[in-house]
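Colleague: Sequence and computational prediction follow.
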Amino acid sequence: MTLLFYLAGAVAVIATIGVILQTNIVHALLYLILSLLAVAVIFYTLGAPLAAMLEAIVYAGAIMVLFLFVIMMLNLGQNTREQERDWLRAGGWLPPAFLAGVLLAQLLLVMSGVEGMSAAEQVGVMAVGTRLFGPYVLAVELASILLLAGLVSAYHLARQIRAEDE
Amino acid sequence: MFEYAVGSALSIASILLVVIVIAAMLIWVERRLLGFWQERLGPNRLGWFGILQVVADMIKIFTKEDWVPPFADRLSFVIAPAIIMVVVLMSFAVIPFAPNIGVIDSNIGVLFVLAMASLGAYSVMLGGLSSNNKYALLGSLRAAAQMVSYEVFMGISLLGVVVLAGSFNLREIVESQADGWYIVPQCVGFLIFLIAGVAESHRLPFDIPEAEQEICAGYHTEYSGMKFGMFFVGEYLGLVLISSLITVLFFGGWLGPALLPPIVWFALKAGFFIAFFILMRAALPRPRYDQLMSYGWLFLLPLSLVNLLATGAVVLAAQ
(Lines give C-alpha, C1' and ligand atoms only; values in the text may rest on other atoms or scores of the structure.)
Protein backbone atom coordinates (compact mmCIF):
# COMPACT_ATOMS: atom_id res chain seq x y z
CA MET A 1 0.00 0.00 0.00
CA THR A 2 2.87 2.40 0.86
CA LEU A 3 4.62 1.58 -2.41
CA LEU A 4 1.38 2.19 -4.30
CA PHE A 5 0.99 5.54 -2.54
CA TYR A 6 4.45 6.78 -3.48
CA LEU A 7 4.14 5.43 -7.01
CA ALA A 8 0.82 7.22 -7.54
CA GLY A 9 2.29 10.35 -5.97
CA ALA A 10 5.22 10.26 -8.37
CA VAL A 11 2.86 9.82 -11.32
CA ALA A 12 0.75 12.74 -10.10
CA VAL A 13 3.78 15.04 -9.74
CA ILE A 14 5.30 14.10 -13.11
CA ALA A 15 1.94 14.39 -14.87
CA THR A 16 1.35 17.81 -13.33
CA ILE A 17 4.77 18.99 -14.53
CA GLY A 18 3.72 17.64 -17.93
CA VAL A 19 0.56 19.78 -17.79
CA ILE A 20 2.68 22.90 -17.30
CA LEU A 21 5.35 22.10 -19.88
CA GLN A 22 3.13 20.86 -22.72
CA THR A 23 2.51 23.36 -25.49
CA ASN A 24 -0.20 21.32 -27.18
CA ILE A 25 -3.32 22.03 -25.14
CA VAL A 26 -4.92 18.62 -25.75
CA HIS A 27 -1.76 16.85 -24.58
CA ALA A 28 -1.66 19.09 -21.51
CA LEU A 29 -5.24 18.08 -20.77
CA LEU A 30 -4.36 14.40 -21.10
CA TYR A 31 -1.60 14.90 -18.52
CA LEU A 32 -4.09 16.63 -16.23
CA ILE A 33 -6.49 13.67 -16.47
CA LEU A 34 -3.61 11.33 -15.66
CA SER A 35 -2.70 13.47 -12.67
CA LEU A 36 -6.30 13.42 -11.38
CA LEU A 37 -6.47 9.64 -11.75
CA ALA A 38 -3.21 9.35 -9.81
CA VAL A 39 -4.74 11.48 -7.06
CA ALA A 40 -7.71 9.08 -7.06
CA VAL A 41 -5.31 6.19 -6.43
CA ILE A 42 -3.73 8.19 -3.59
CA PHE A 43 -7.15 8.67 -2.00
CA TYR A 44 -7.75 4.93 -2.28
CA THR A 45 -4.46 4.05 -0.62
CA LEU A 46 -5.23 6.52 2.18
CA GLY A 47 -8.43 4.60 2.95
CA ALA A 48 -11.04 6.76 1.25
CA PRO A 49 -12.47 4.63 -1.59
CA LEU A 50 -15.52 6.87 -2.02
CA ALA A 51 -13.37 9.99 -2.44
CA ALA A 52 -11.22 8.08 -4.93
CA MET A 53 -14.19 7.09 -7.07
CA LEU A 54 -15.73 10.56 -6.87
CA GLU A 55 -12.40 12.05 -7.94
CA ALA A 56 -12.44 9.75 -10.98
CA ILE A 57 -16.14 10.29 -11.80
CA VAL A 58 -16.46 14.01 -11.13
CA TYR A 59 -13.03 15.47 -11.90
CA ALA A 60 -11.48 13.09 -14.43
CA GLY A 61 -14.78 11.95 -15.90
CA ALA A 62 -17.02 15.01 -16.00
CA ILE A 63 -15.15 18.28 -15.49
CA MET A 64 -12.23 17.35 -17.74
CA VAL A 65 -14.66 16.14 -20.42
CA LEU A 66 -16.21 19.61 -20.37
CA PHE A 67 -12.73 21.19 -20.65
CA LEU A 68 -12.06 19.02 -23.69
CA PHE A 69 -15.49 19.94 -25.06
CA VAL A 70 -14.67 23.65 -24.83
CA ILE A 71 -11.26 23.11 -26.45
CA MET A 72 -13.00 21.31 -29.31
CA MET A 73 -15.31 24.26 -29.86
CA LEU A 74 -12.49 26.85 -29.74
CA ASN A 75 -10.41 25.10 -32.42
CA LEU A 76 -7.05 26.31 -31.10
CA GLY A 77 -4.33 25.87 -33.68
CA GLN A 78 -0.65 26.50 -34.23
CA ASN A 79 -0.84 30.10 -32.93
CA THR A 80 -1.58 29.06 -29.36
CA ARG A 81 1.25 26.53 -29.42
CA GLU A 82 3.73 29.24 -30.37
CA GLN A 83 2.29 31.58 -27.77
CA GLU A 84 2.67 28.86 -25.14
CA ARG A 85 6.28 28.32 -26.19
CA ASP A 86 6.99 32.04 -25.79
CA TRP A 87 5.51 32.04 -22.31
CA LEU A 88 7.54 29.03 -21.28
CA ARG A 89 10.76 30.58 -22.54
CA ALA A 90 10.22 33.84 -20.63
CA GLY A 91 11.03 34.05 -16.93
CA GLY A 92 7.31 33.98 -16.07
CA TRP A 93 7.60 30.63 -14.35
CA LEU A 94 9.91 31.97 -11.62
CA PRO A 95 7.33 33.44 -9.16
CA PRO A 96 4.99 30.42 -9.23
CA ALA A 97 7.96 28.09 -8.91
CA PHE A 98 9.11 30.04 -5.82
CA LEU A 99 5.61 29.84 -4.26
CA ALA A 100 5.38 26.15 -5.02
CA GLY A 101 8.81 25.70 -3.44
CA VAL A 102 7.56 27.34 -0.23
CA LEU A 103 4.59 24.96 -0.19
CA LEU A 104 6.90 22.00 -0.77
CA ALA A 105 9.11 23.07 2.15
CA GLN A 106 6.03 23.36 4.40
CA LEU A 107 4.83 19.94 3.28
CA LEU A 108 8.20 18.36 4.02
CA LEU A 109 8.23 20.00 7.45
CA VAL A 110 4.75 18.68 8.28
CA MET A 111 5.53 15.23 7.00
CA SER A 112 8.77 14.96 8.95
CA GLY A 113 6.85 15.60 12.18
CA VAL A 114 4.09 13.08 11.54
CA GLU A 115 4.76 9.38 11.79
CA GLY A 116 2.93 6.67 9.86
CA MET A 117 1.42 8.11 6.70
CA SER A 118 -0.49 4.92 5.88
CA ALA A 119 -4.25 4.54 6.24
CA ALA A 120 -5.49 4.55 9.82
CA GLU A 121 -9.04 3.45 8.98
CA GLN A 122 -11.27 3.11 5.95
CA VAL A 123 -13.87 5.86 5.65
CA GLY A 124 -16.64 4.05 3.81
CA VAL A 125 -19.53 5.27 1.70
CA MET A 126 -21.97 5.02 4.61
CA ALA A 127 -19.79 7.09 6.95
CA VAL A 128 -19.39 9.91 4.44
CA GLY A 129 -23.12 9.88 3.69
CA THR A 130 -24.26 10.03 7.31
CA ARG A 131 -21.82 12.88 8.01
CA LEU A 132 -22.95 14.85 4.97
CA PHE A 133 -26.62 14.58 5.88
CA GLY A 134 -26.05 14.73 9.63
CA PRO A 135 -23.77 17.42 11.11
CA TYR A 136 -22.94 19.01 7.74
CA VAL A 137 -26.45 19.14 6.27
CA LEU A 138 -26.54 22.95 6.33
CA ALA A 139 -23.35 23.23 4.30
CA VAL A 140 -24.65 20.67 1.78
CA GLU A 141 -27.91 22.59 1.37
CA LEU A 142 -26.06 25.92 0.98
CA ALA A 143 -23.80 24.41 -1.67
CA SER A 144 -26.81 23.04 -3.53
CA ILE A 145 -28.50 26.45 -3.50
CA LEU A 146 -25.30 27.96 -4.90
CA LEU A 147 -25.22 25.34 -7.65
CA LEU A 148 -28.89 25.93 -8.43
CA ALA A 149 -28.22 29.67 -8.77
CA GLY A 150 -25.36 28.89 -11.15
CA LEU A 151 -27.60 26.58 -13.16
CA VAL A 152 -30.39 29.13 -13.45
CA SER A 153 -28.03 31.90 -14.51
CA ALA A 154 -26.35 29.66 -17.08
CA TYR A 155 -29.77 28.85 -18.47
CA HIS A 156 -30.64 32.54 -18.56
CA LEU A 157 -27.43 33.45 -20.40
CA ALA A 158 -27.71 30.66 -22.93
CA ARG A 159 -31.43 30.88 -23.72
CA GLN A 160 -32.44 31.66 -27.26
CA ILE A 161 -34.17 34.99 -27.71
CA ARG A 162 -36.99 34.64 -30.19
CA ALA A 163 -37.79 37.42 -32.64
CA GLU A 164 -41.30 38.04 -31.29
CA ASP A 165 -39.99 38.56 -27.75
CA GLU A 166 -38.02 41.62 -28.72
CA MET B 1 -4.81 -28.46 -9.97
CA PHE B 2 -5.63 -24.80 -10.39
CA GLU B 3 -7.65 -23.06 -7.76
CA TYR B 4 -10.66 -21.57 -9.44
CA ALA B 5 -11.92 -18.80 -7.21
CA VAL B 6 -12.68 -15.09 -7.37
CA GLY B 7 -9.56 -13.18 -8.26
CA SER B 8 -7.33 -16.13 -9.17
CA ALA B 9 -5.10 -15.71 -12.21
CA LEU B 10 -6.99 -18.44 -14.06
CA SER B 11 -10.28 -16.71 -13.37
CA ILE B 12 -8.97 -13.34 -14.62
CA ALA B 13 -7.44 -14.82 -17.78
CA SER B 14 -10.53 -16.84 -18.68
CA ILE B 15 -12.90 -13.92 -18.09
CA LEU B 16 -10.76 -11.67 -20.29
CA LEU B 17 -10.55 -14.27 -23.04
CA VAL B 18 -14.23 -15.22 -22.98
CA VAL B 19 -15.40 -11.60 -22.95
CA ILE B 20 -13.21 -10.63 -25.92
CA VAL B 21 -14.17 -13.74 -27.91
CA ILE B 22 -17.86 -13.09 -27.24
CA ALA B 23 -17.47 -9.47 -28.33
CA ALA B 24 -15.81 -10.59 -31.57
CA MET B 25 -18.47 -13.26 -32.15
CA LEU B 26 -21.15 -10.61 -31.76
CA ILE B 27 -20.06 -9.09 -35.06
CA TRP B 28 -21.38 -12.24 -36.72
CA VAL B 29 -24.31 -12.72 -34.36
CA GLU B 30 -25.52 -9.20 -35.00
CA ARG B 31 -25.35 -9.55 -38.77
CA ARG B 32 -27.18 -12.90 -38.70
CA LEU B 33 -29.89 -11.69 -36.34
CA LEU B 34 -30.38 -8.48 -38.31
CA GLY B 35 -30.66 -10.61 -41.44
CA PHE B 36 -33.26 -12.79 -39.73
CA TRP B 37 -35.36 -9.81 -38.62
CA GLN B 38 -35.04 -8.06 -41.95
CA GLU B 39 -36.04 -11.16 -43.95
CA ARG B 40 -32.67 -11.78 -45.57
CA LEU B 41 -29.81 -14.21 -44.97
CA GLY B 42 -26.79 -12.36 -43.64
CA PRO B 43 -23.31 -13.95 -43.78
CA ASN B 44 -23.96 -17.71 -44.06
CA ARG B 45 -21.19 -19.03 -46.32
CA LEU B 46 -18.11 -19.67 -44.20
CA GLY B 47 -18.33 -22.60 -41.82
CA TRP B 48 -21.33 -23.64 -39.76
CA PHE B 49 -24.06 -21.04 -40.39
CA GLY B 50 -21.31 -18.64 -41.44
CA ILE B 51 -19.66 -18.58 -38.02
CA LEU B 52 -16.16 -18.46 -39.58
CA GLN B 53 -17.08 -15.05 -40.98
CA VAL B 54 -15.68 -13.70 -37.71
CA VAL B 55 -12.28 -15.20 -38.53
CA ALA B 56 -12.40 -13.79 -42.05
CA ASP B 57 -13.31 -10.35 -40.68
CA MET B 58 -10.48 -10.52 -38.17
CA ILE B 59 -7.91 -11.48 -40.81
CA LYS B 60 -9.12 -8.63 -42.96
CA ILE B 61 -9.02 -6.05 -40.19
CA PHE B 62 -5.55 -7.11 -38.99
CA THR B 63 -3.98 -7.04 -42.44
CA LYS B 64 -5.48 -3.75 -43.60
CA GLU B 65 -3.20 -0.74 -43.84
CA ASP B 66 -3.13 1.02 -40.49
CA TRP B 67 -2.85 4.63 -41.55
CA VAL B 68 -2.35 7.70 -39.40
CA PRO B 69 -3.33 10.81 -41.37
CA PRO B 70 -0.44 13.32 -41.61
CA PHE B 71 -2.75 16.13 -40.45
CA ALA B 72 -3.81 14.23 -37.31
CA ASP B 73 -2.48 14.76 -33.80
CA ARG B 74 -0.52 11.52 -33.56
CA LEU B 75 -0.49 10.93 -29.80
CA SER B 76 -4.22 11.41 -29.23
CA PHE B 77 -5.06 9.62 -32.48
CA VAL B 78 -3.22 6.49 -31.38
CA ILE B 79 -4.37 6.31 -27.76
CA ALA B 80 -8.05 7.09 -28.43
CA PRO B 81 -9.08 3.58 -29.60
CA ALA B 82 -7.07 1.98 -26.80
CA ILE B 83 -8.96 3.95 -24.14
CA ILE B 84 -12.35 2.45 -24.98
CA MET B 85 -10.98 -1.12 -24.92
CA VAL B 86 -9.16 -0.58 -21.63
CA VAL B 87 -11.99 1.10 -19.73
CA VAL B 88 -14.63 -1.41 -20.83
CA LEU B 89 -12.41 -4.39 -20.01
CA MET B 90 -11.58 -2.79 -16.63
CA SER B 91 -15.30 -2.52 -15.89
CA PHE B 92 -15.64 -6.29 -16.26
CA ALA B 93 -13.36 -6.59 -13.22
CA VAL B 94 -16.18 -5.85 -10.79
CA ILE B 95 -18.91 -7.90 -12.53
CA PRO B 96 -19.77 -11.05 -10.56
CA PHE B 97 -20.46 -13.71 -13.18
CA ALA B 98 -21.13 -16.58 -10.78
CA PRO B 99 -20.48 -17.38 -7.08
CA ASN B 100 -16.88 -18.40 -7.85
CA ILE B 101 -16.23 -16.43 -11.04
CA GLY B 102 -15.14 -12.82 -10.92
CA VAL B 103 -12.05 -10.67 -10.65
CA ILE B 104 -12.55 -8.56 -7.54
CA ASP B 105 -15.24 -8.02 -4.94
CA SER B 106 -15.17 -4.30 -4.55
CA ASN B 107 -17.21 -2.34 -2.05
CA ILE B 108 -17.39 0.43 -4.63
CA GLY B 109 -18.22 -1.77 -7.62
CA VAL B 110 -21.12 0.31 -8.94
CA LEU B 111 -19.11 3.53 -8.65
CA PHE B 112 -16.16 1.89 -10.38
CA VAL B 113 -18.31 1.00 -13.37
CA LEU B 114 -19.64 4.57 -13.51
CA ALA B 115 -16.11 5.98 -13.31
CA MET B 116 -14.95 3.76 -16.15
CA ALA B 117 -18.01 4.70 -18.22
CA SER B 118 -17.23 8.37 -17.76
CA LEU B 119 -13.61 7.85 -18.81
CA GLY B 120 -14.86 6.05 -21.91
CA ALA B 121 -16.12 9.38 -23.23
CA TYR B 122 -12.49 10.42 -23.85
CA SER B 123 -12.08 7.71 -26.44
CA VAL B 124 -14.64 9.10 -28.86
CA MET B 125 -13.82 12.72 -28.04
CA LEU B 126 -10.07 12.37 -28.59
CA GLY B 127 -10.64 10.21 -31.66
CA GLY B 128 -12.76 12.88 -33.28
CA LEU B 129 -10.70 15.84 -32.13
CA SER B 130 -7.32 14.42 -33.17
CA SER B 131 -8.56 13.41 -36.63
CA ASN B 132 -8.70 17.06 -37.75
CA ASN B 133 -11.74 16.27 -39.84
CA LYS B 134 -15.03 18.18 -39.87
CA TYR B 135 -17.23 15.11 -39.72
CA ALA B 136 -15.12 13.54 -37.01
CA LEU B 137 -15.30 16.72 -34.94
CA LEU B 138 -19.09 16.92 -35.34
CA GLY B 139 -19.36 13.29 -34.32
CA SER B 140 -17.23 13.69 -31.23
CA LEU B 141 -19.06 16.86 -30.17
CA ARG B 142 -22.29 14.90 -30.31
CA ALA B 143 -20.67 11.98 -28.50
CA ALA B 144 -19.38 14.19 -25.70
CA ALA B 145 -22.74 15.85 -25.07
CA GLN B 146 -24.62 12.55 -25.31
CA MET B 147 -22.32 10.52 -23.08
CA VAL B 148 -21.93 13.18 -20.38
CA SER B 149 -25.70 13.70 -20.24
CA TYR B 150 -26.75 10.06 -20.20
CA GLU B 151 -24.11 9.20 -17.61
CA VAL B 152 -26.11 11.34 -15.17
CA PHE B 153 -29.35 9.40 -15.64
CA MET B 154 -27.48 6.12 -15.69
CA GLY B 155 -25.98 6.87 -12.29
CA ILE B 156 -29.23 8.07 -10.72
CA SER B 157 -31.25 5.14 -12.07
CA LEU B 158 -28.77 2.73 -10.46
CA LEU B 159 -29.14 4.35 -7.06
CA GLY B 160 -32.60 2.85 -6.54
CA VAL B 161 -31.04 -0.61 -6.64
CA VAL B 162 -28.20 0.54 -4.37
CA VAL B 163 -30.72 1.86 -1.83
CA LEU B 164 -32.67 -1.43 -1.84
CA ALA B 165 -29.55 -3.59 -1.59
CA GLY B 166 -27.82 -1.25 0.85
CA SER B 167 -24.50 -1.79 -0.89
CA PHE B 168 -22.36 -0.64 -3.81
CA ASN B 169 -20.89 -4.14 -4.05
CA LEU B 170 -22.27 -5.86 -7.15
CA ARG B 171 -21.89 -9.32 -5.60
CA GLU B 172 -23.92 -8.30 -2.56
CA ILE B 173 -26.50 -6.75 -4.87
CA VAL B 174 -26.92 -10.12 -6.61
CA GLU B 175 -27.08 -12.00 -3.32
CA SER B 176 -29.72 -9.64 -1.92
CA GLN B 177 -31.98 -10.56 -4.85
CA ALA B 178 -32.37 -14.16 -3.66
CA ASP B 179 -36.02 -13.54 -2.68
CA GLY B 180 -37.02 -11.32 -5.59
CA TRP B 181 -35.33 -9.64 -8.51
CA TYR B 182 -35.10 -5.85 -8.46
CA ILE B 183 -36.86 -5.60 -11.82
CA VAL B 184 -40.19 -5.62 -9.93
CA PRO B 185 -39.64 -2.73 -7.46
CA GLN B 186 -37.26 -0.92 -9.80
CA CYS B 187 -38.98 -1.25 -13.18
CA VAL B 188 -38.73 2.51 -13.78
CA GLY B 189 -35.04 2.47 -12.88
CA PHE B 190 -34.57 -0.48 -15.22
CA LEU B 191 -36.14 1.32 -18.17
CA ILE B 192 -34.03 4.45 -17.57
CA PHE B 193 -30.89 2.36 -17.20
CA LEU B 194 -31.70 0.48 -20.40
CA ILE B 195 -32.13 3.69 -22.41
CA ALA B 196 -29.06 5.32 -20.84
CA GLY B 197 -27.07 2.16 -21.47
CA VAL B 198 -27.86 2.25 -25.19
CA ALA B 199 -26.88 5.92 -25.28
CA GLU B 200 -23.65 5.28 -23.37
CA SER B 201 -22.53 2.55 -25.74
CA HIS B 202 -23.81 4.73 -28.63
CA ARG B 203 -25.54 1.86 -30.36
CA LEU B 204 -28.40 2.30 -32.76
CA PRO B 205 -30.94 3.90 -32.34
CA PHE B 206 -28.69 6.30 -30.37
CA ASP B 207 -25.65 6.06 -32.65
CA ILE B 208 -25.85 9.79 -33.33
CA PRO B 209 -22.06 10.30 -32.90
CA GLU B 210 -21.39 8.04 -35.90
CA ALA B 211 -24.61 8.43 -37.87
CA GLU B 212 -23.20 7.47 -41.25
CA GLN B 213 -26.04 8.90 -43.29
CA GLU B 214 -25.43 12.37 -41.87
CA ILE B 215 -21.79 12.70 -40.87
CA CYS B 216 -19.89 9.99 -42.76
CA ALA B 217 -18.81 7.75 -39.88
CA GLY B 218 -18.55 10.42 -37.21
CA TYR B 219 -15.63 10.23 -34.82
CA HIS B 220 -13.94 7.23 -36.50
CA THR B 221 -14.07 8.59 -40.05
CA GLU B 222 -10.25 8.75 -40.33
CA TYR B 223 -9.58 5.41 -38.65
CA SER B 224 -8.61 2.26 -40.51
CA GLY B 225 -7.25 -1.20 -39.81
CA MET B 226 -7.03 -2.43 -36.24
CA LYS B 227 -7.48 1.06 -34.75
CA PHE B 228 -10.94 1.11 -36.27
CA GLY B 229 -11.30 -2.51 -35.17
CA MET B 230 -10.71 -1.49 -31.56
CA PHE B 231 -13.52 1.09 -31.71
CA PHE B 232 -15.68 -1.59 -33.33
CA VAL B 233 -14.92 -4.35 -30.83
CA GLY B 234 -15.04 -1.79 -28.00
CA GLU B 235 -18.62 -1.04 -28.95
CA TYR B 236 -19.52 -4.74 -28.74
CA LEU B 237 -17.67 -5.03 -25.43
CA GLY B 238 -19.79 -2.12 -24.21
CA LEU B 239 -22.89 -4.02 -25.33
CA VAL B 240 -21.81 -7.11 -23.38
CA LEU B 241 -21.02 -4.92 -20.35
CA ILE B 242 -24.40 -3.17 -20.36
CA SER B 243 -26.22 -6.52 -20.74
CA SER B 244 -24.19 -8.00 -17.87
CA LEU B 245 -24.91 -4.97 -15.68
CA ILE B 246 -28.64 -5.19 -16.37
CA THR B 247 -28.51 -8.88 -15.47
CA VAL B 248 -26.61 -8.21 -12.24
CA LEU B 249 -28.58 -5.17 -11.09
CA PHE B 250 -32.13 -6.00 -12.07
CA PHE B 251 -32.41 -9.69 -12.98
CA GLY B 252 -30.65 -11.46 -10.14
CA GLY B 253 -27.32 -12.15 -11.86
CA TRP B 254 -26.50 -15.84 -11.65
CA LEU B 255 -29.55 -16.67 -9.49
CA GLY B 256 -32.02 -19.11 -10.97
CA PRO B 257 -33.54 -22.58 -10.49
CA ALA B 258 -30.88 -25.18 -9.62
CA LEU B 259 -31.38 -27.25 -12.79
CA LEU B 260 -28.70 -25.20 -14.58
CA PRO B 261 -25.32 -24.05 -13.21
CA PRO B 262 -25.17 -20.37 -12.13
CA ILE B 263 -22.88 -19.23 -14.95
CA VAL B 264 -25.36 -20.61 -17.50
CA TRP B 265 -28.16 -18.59 -15.96
CA PHE B 266 -25.97 -15.51 -16.15
CA ALA B 267 -25.09 -16.19 -19.80
CA LEU B 268 -28.73 -16.83 -20.72
CA LYS B 269 -29.94 -13.60 -19.14
CA ALA B 270 -27.10 -11.50 -20.55
CA GLY B 271 -27.53 -13.14 -23.97
CA PHE B 272 -31.21 -12.28 -23.95
CA PHE B 273 -30.41 -8.61 -23.45
CA ILE B 274 -27.71 -8.63 -26.11
CA ALA B 275 -30.27 -10.03 -28.56
CA PHE B 276 -32.75 -7.41 -27.35
CA PHE B 277 -30.29 -4.60 -28.07
CA ILE B 278 -29.76 -5.97 -31.58
CA LEU B 279 -33.53 -6.16 -32.07
CA MET B 280 -33.79 -2.50 -31.00
CA ARG B 281 -31.30 -1.65 -33.72
CA ALA B 282 -33.41 -3.50 -36.27
CA ALA B 283 -36.70 -2.01 -35.11
CA LEU B 284 -36.18 1.63 -34.17
CA PRO B 285 -35.25 4.70 -36.22
CA ARG B 286 -32.61 7.16 -35.05
CA PRO B 287 -33.89 10.29 -33.25
CA ARG B 288 -32.56 13.76 -34.03
CA TYR B 289 -29.68 15.02 -31.88
CA ASP B 290 -31.67 17.76 -30.10
CA GLN B 291 -34.55 15.33 -29.54
CA LEU B 292 -32.18 12.95 -27.78
CA MET B 293 -30.79 15.69 -25.53
CA SER B 294 -34.13 17.24 -24.56
CA TYR B 295 -35.65 13.78 -23.99
CA GLY B 296 -32.84 13.04 -21.58
CA TRP B 297 -32.79 16.26 -19.59
CA LEU B 298 -36.51 17.07 -19.61
CA PHE B 299 -37.96 13.57 -19.21
CA LEU B 300 -35.43 11.01 -17.97
CA LEU B 301 -33.76 13.23 -15.36
CA PRO B 302 -36.98 14.19 -13.48
CA LEU B 303 -38.25 10.61 -13.80
CA SER B 304 -35.07 9.11 -12.37
CA LEU B 305 -35.05 11.63 -9.49
CA VAL B 306 -38.68 10.84 -8.65
CA ASN B 307 -37.86 7.12 -8.79
CA LEU B 308 -34.97 7.59 -6.39
CA LEU B 309 -37.08 9.72 -4.04
CA ALA B 310 -39.93 7.18 -4.02
CA THR B 311 -37.54 4.27 -3.43
CA GLY B 312 -35.86 6.11 -0.58
CA ALA B 313 -39.23 6.97 0.99
CA VAL B 314 -40.45 3.36 0.80
CA VAL B 315 -37.22 2.01 2.28
CA LEU B 316 -37.37 4.58 5.10
CA ALA B 317 -41.03 3.79 5.80
CA ALA B 318 -40.30 0.06 5.93
CA GLN B 319 -37.55 0.48 8.50
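Modeller: Sure thing, it's come through.

Colleague: all contacts plus neighbour counts: C-alpha atoms, from now on.
Modeller: OK.

Colleague: List the contacts of the worst-scoring helix or strand of chain A on mean pLDDT.
Modeller: Ranked by mean pLDDT, DSSP states H and E, the weakest helix or strand in chain A is helix A:78-89, scoring a mean of 72. Helix A:78-89 is contacted from outside by A:21, A:23, A:24, A:25, using Cα atoms under 8 Å, 6 or more residues apart in numbering or on different chains.

Colleague: Distance from it to the middle of the chain?
Modeller: Centroid separation for helix A:78-89 versus its chain: 24 Å, with Cα atoms, centre = their mean, to the nearest Å.

Colleague: With stretch B:103-123 instead?
Modeller: Using Cα atoms, centre = their mean, the offset of stretch B:103-123 from its chain centre is 12 Å.

Colleague: cool, stretch A:36-51 as well?
Modeller: For stretch A:36-51, the distance to the chain centre is 13 Å (Cα atoms, centre = their mean).

Colleague: got any ranges where the stretch 201-319 of chain B has weak pLDDT?
Modeller: B:211 (pLDDT under 70).

Colleague: Now do the helices for it: every range, in order, please.
Modeller: Secondary structure of the stretch 201-319 of chain B (DSSP state H, counting those that start in this stretch): helices at B:212-215, B:225-250, B:262-283, B:289-295, B:301-318.

Colleague: tell me the most buried of these?
Modeller: helix B:225-250 (a mean of 23; mean count of other Cα atoms under 10 Å in any protein chain shown).

Colleague: Can you pull the residues of chain A lying near chain B?
Modeller: Listed as neighbours of chain B in chain A under the rule Cα under 8 Å from any Cα of the partner chain: A:27, A:49-50, A:53-54, A:56-57, A:60-62, A:65, A:68-69, A:72.

Colleague: Tell me the one of the contacts of helix A:78-89 nearest residue A:146?
Modeller: Nearest to residue A:146 among the contacts of helix A:78-89 is residue A:25, at 30.5 Å by Cα to Cα.

Colleague: what residues are up against the nearest residue to residue B:125 once chain neighbours are set aside?
Modeller: What sits nearest to residue B:125 in space, not counting adjacent residues and going by Cα to Cα, 6 or more residues apart in numbering or on different chains, is residue B:140, at 4.8 Å. Residues in contact with residue B:140, defined by Cα under 8 Å, 6+ apart, are B:124, B:125, B:126, B:127, B:128, B:129, B:209, B:218, B:219.

Colleague: measure residue B:140 to residue B:226 for me?
Modeller: 20 Å (Cα to Cα, to the nearest Å).

Colleague: Go through chain B and flag its longest helix.
Modeller: helix B:134-165 (DSSP state H).

Colleague: and that helix, how far from the chain's centre?
Modeller: Per Cα atoms, centre = their mean, the centroid offset for helix B:134-165 relative to its chain is 12 Å.

Colleague: pLDDT on that helix, on average?
Modeller: In this model, helix B:134-165 has a mean pLDDT of 84.

Colleague: buried residues in that helix?
Modeller: For helix B:134-165, the neighbour count (16 or more other Cα atoms under 10 Å in any protein chain shown) marks B:134-162, B:164-165 as buried.

Colleague: the helices in chain A, which residues?
Modeller: Counting by DSSP H, the helices of chain A are A:2-21, A:25-45, A:49-54, A:64-74, A:78-89, A:94-113, A:125-132, A:137-158.

Colleague: which helices and strands sit right next to the third one?
Modeller: Yep, that's helix A:49-54 we're talking about. helix A:25-45, helix B:109-130 (3 or more Cα pairs under 8 Å, 6 or more residues apart in numbering or on different chains; DSSP states H and E).

Colleague: With the first one instead?
Modeller: If you count contacts as 3+ Cα pairs under 8 Å, 6+ apart, helix A:2-21 packs onto helix A:25-45.

Colleague: Identify all contacting residues around the helix it packs on.
Modeller: With Cα under 8 Å, 6+ apart, helix A:25-45 has contacts from A:1-2, A:4-5, A:8-9, A:11-13, A:15-16, A:18-22, A:49, A:51-53, A:55-56, A:59-60, A:64, A:68, A:71, A:81, A:118-119, B:75-76.

Colleague: Spell out which parts of chain B neighbour chain A.
Modeller: Counting by Cα under 8 Å from any Cα, the residues of chain B that sit close to chain A are B:75-76, B:108, B:111-112, B:114-116, B:118-119, B:121-122, B:125, B:129, B:137, B:141, B:144, B:148.

Colleague: Now restrict the residues you listed to buried residues only.
Modeller: The buried subset of those - by 16+ other Cα under 10 Å - is B:76, B:108, B:111-112, B:114-116, B:118-119, B:121-122, B:125, B:129, B:137, B:141, B:144, B:148.

Colleague: just to revisit the earlier point, nearest approach to residue B:55 belongs to which of the helices of the stretch 201-319 of chain B?
Modeller: For the helices of the stretch 201-319 of chain B, proximity to residue B:55 was assessed by Cα to Cα; helix B:225-250 is nearest, at 13.2 Å.

Colleague: Summarise which helices and strands that closest one is packed against.
Modeller: Looks like helix B:225-250 contacts helix B:9-37, helix B:53-63, helix B:74-91, helix B:134-165, helix B:170-175, helix B:187-200, helix B:262-283 (3+ Cα pairs under 8 Å, 6+ apart).

Colleague: Show the end-to-end separation of stretch B:203-212, please.
Modeller: End-to-end for stretch B:203-212, by Cα to Cα: 12 Å.

Colleague: got the buried residues for stretch A:131-147?
Modeller: Going through stretch A:131-147 with 16+ other Cα under 10 Å, nothing comes out buried.

Colleague: Many thanks, have a good one.
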